[in-house]
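Participant: generate coordinates for the sequence data below:
(one chain, ligands or ions: 1)
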Amino acid sequence: MKILFLDQSGKPGGAELCLIDIAKPYQNNCLVGLFADGSFKDLLEKNQIPVEVLTNQKIQVKKESSLTQGLASITQLAPLITKVVKIARNYDLIYANTQKALVVGAIASFLSGRPLVFHLHDILSPEHFSQTNRRIAVTLANRAKLVIANSQASKKAFIEAGGKAELVKIVYNGFDPQNYLNQESQIKQLRQKLELDDKFIVGHFSRLAPWKGQHILIEALAKCPPEVVVILVGDALFGEQDYVKQLHQQIDELQLQNRVKFLGFRHDIPQLMAACDLVAHTSTAPEPFGRVIVEAMLSGTPVVAAASGGAIELVQSGINGFLSTPGNPQELTKVINSCIQDKQKTAAIAETARNTASQRFNVANINQQIAQLLQKL
Ligand code: UDP
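Facilitator: A predicted model of the protein is given here:
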């Protein structure tokens, strides 16, 4: 089967990292068409997945766009759509991996006669998308042959926004557990390199964005014992510079300059996670899936997640991790303190998480599920 994957992003967010794993088995029979140049293209090339940047024009529509802005951007997309239609004729199906890819992919599917698959990585709720964008997304997705939702939470929001339930299949993100096995000596070295070897390290792995809630962790840190430090791993991928400024200001006000490190975007996530004593996920809006939660589990590091959206499908509090109320720093402080106090119980929870996650999210099983769904088309 020949697949034309479409993705709007030049930068590797969660949806893009997931696409690498999905496209890999088709690397001799696929093309990933991107709507922006950037480091995601380099990552695809590194994984020997054919990739082409299809446009250099910035697509103006934003998550909160109005109807007129939305329609104006569709006319702006005409050259890109023409190009995609031409390419699609050489492929068996179009696989749209993001919202803007869905817009282009749906129109190209209609014009080229190739079936459309939409991989839904988002929660189509008012917290994340304007009413216009939700309407456009469900109207177009309802024309697809298949909608793959990355969690129950994403599926539920899709149906509530008007999406057809019968089109949707849930497939979680897949991971190769081998990539998360680390040598103890290497991890010790990394802790030393970070100059944090005698500290209790809480890691936050996410792009810097208000709804990812790094500020909640900083607030929680202020009430933790002095040996607790935080590393913030990730960058402001989509221009959230004001939020970065706010975080620095908050850290200064709380006098936590010596206890918070910004590491920027990193490619050594498994090692960094293993170097942490706890991974904190603190999204204040429902997380569609939460790759970082599973990655922490596979790294053998205990994880505390904000109890909402896809996160509650991944974590059973006290069994394979901890859940904490979104936006509640006091509760987070309590979880951090209990992990420090009861190291043995916390380690046992992390071990259970590693074992179950290696099975449940194994990329080989997940890819098989996707292959079977695509085969049926
Ligand atoms: N990530 C990364 N480098 C960083 C920060 C994050 O590679 O510096 C990865 C992280 O390991 C995860 C993904 O980015 O695989 C984020 O996915 P998630 O589902 O947690 O959030 P999203 O970005 O999709 O909202």
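
Participant: what about the helices in the stretch 251-377 of the chain?
Facilitator: Listed in chain order, the helices found in the stretch 251-377 of the chain under DSSP state H, counting those that start in this stretch are 269-275, 291-299, 311-314, 329-341, 343-360, 363-376.

Participant: confidence score at the residue of the stretch 101-250 of the chain found nearest the ligand?
Facilitator: Distance from the ligand to each residue of the stretch 101-250 of the chain (C-beta to the nearest ligand atom) is smallest for residue 234, at 3.7 Å. Every C-beta, even on glycine, is put in place using the N, C-alpha and C of the backbone. At residue 234, the predicted lDDT confidence score is 97.

Participant: correct me, but residue 202 touches residue 336?
Facilitator: Yes. Residue 202 is within contact range of residue 336, at 6.2 Å (criterion: C-beta atoms under 8 Å).

Participant: list the residues that contact both of the two?
Facilitator: With contacts taken as C-beta atoms under 8 Å, 6 or more residues apart in numbering, residue 202 and residue 336 have 228, 278, 280 as neighbours in common.

Participant: of the residues you listed, closest to residue 121?
Facilitator: Compare each of the shared contacts of residue 202 and residue 336 with residue 121 using C-beta to C-beta and the shortest gap goes to residue 280, at 21.8 Å.

Participant: quick one: neighbours of the closest one, just the number.
Facilitator: In terms of burial, residue 280 registers 29 neighbours under the definition other C-beta atoms under 10 Å.

Participant: could you measure from it over to residue 355?
Facilitator: When C-beta to C-beta, to the nearest Å is the yardstick, residue 280 and residue 355 sit 22 Å from each other.

Participant: just want the residue of the stretch 1-150 of the chain that's nearest the ligand.
Facilitator: For the stretch 1-150 of the chain, the nearest residue to the ligand under the criterion C-beta to the nearest ligand atom is residue 14, separated by 2.0 Å.

Participant: neighbours of that residue, how many?
Facilitator: Around residue 14 there are 18 other residues, counting by other C-beta under 10 Å.

Participant: surely it is in contact with residue 289?
Facilitator: Yes. Because the distance of 6.9 Å satisfies C-beta under 8 Å, residue 14 is recorded as touching residue 289.

Participant: list residues touching both of these two?
Facilitator: Residues within reach of residue 14 and of residue 289 at once, by C-beta under 8 Å, 6+ apart, are 121, 173.

Participant: run through the residues that contact the residue of the stretch 1-150 of the chain closest to the ligand.
Facilitator: Taking C-beta under 8 Å, 6+ apart as the definition of contact, the neighbours of residue 14 are 121, 173, 289, 291.

Participant: residue 82: neighbouring residues, count only.
Facilitator: 12.

Participant: also residue 55?
Facilitator: One way to gauge burial is a neighbour count; for residue 55, by other C-beta under 10 Å, it gives 18.

Participant: also residue 282?
Facilitator: Residue 282 is surrounded by 26 other residues when neighbours are defined as other C-beta under 10 Å.

Participant: sorry, back to before: just the helices of the stretch 251-377 of the chain: most buried one?
Facilitator: Sort the helices of the stretch 251-377 of the chain by mean neighbour count, taking mean count of other C-beta atoms under 10 Å, and helix 291-299 sits at the top with a mean of 27.

Participant: so what touches it?
Facilitator: Here helix 291-299 makes contact (C-beta under 8 Å, 6+ apart) with 14, 17-18, 173, 175, 177, 179-180, 182, 203, 205-206, 269-270, 273-274, 276, 279, 281, 287, 302-303, 305, 311, 314-315, 320-321, 350, 353-354, 356-358, 361.

Participant: what's the mean pLDDT across it?
Facilitator: Model confidence over helix 291-299, given as mean pLDDT, is 98.

Participant: CA atoms only: put that helix into PDB for me.
Facilitator: The C-alpha coordinates for helix 291-299 follow below in PDB (Å, rounded to 0.1, in the frame of the first residue of the first chain):
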ATOM      1  CA  ARG A 291       3.400  10.800  25.200                       C
ATOM      2  CA  VAL A 292       5.600  12.100  28.000                       C
ATOM      3  CA  ILE A 293       3.600  10.100  30.500                       C
ATOM      4  CA  VAL A 294       4.300   6.800  28.700                       C
ATOM      5  CA  GLU A 295       7.900   7.700  28.000                       C
ATOM      6  CA  ALA A 296       8.500   8.300  31.700                       C
ATOM      7  CA  MET A 297       6.900   4.900  32.500                       C
ATOM      8  CA  LEU A 298       9.200   3.200  29.900                       C
ATOM      9  CA  SER A 299      12.200   4.900  31.400                       C
END
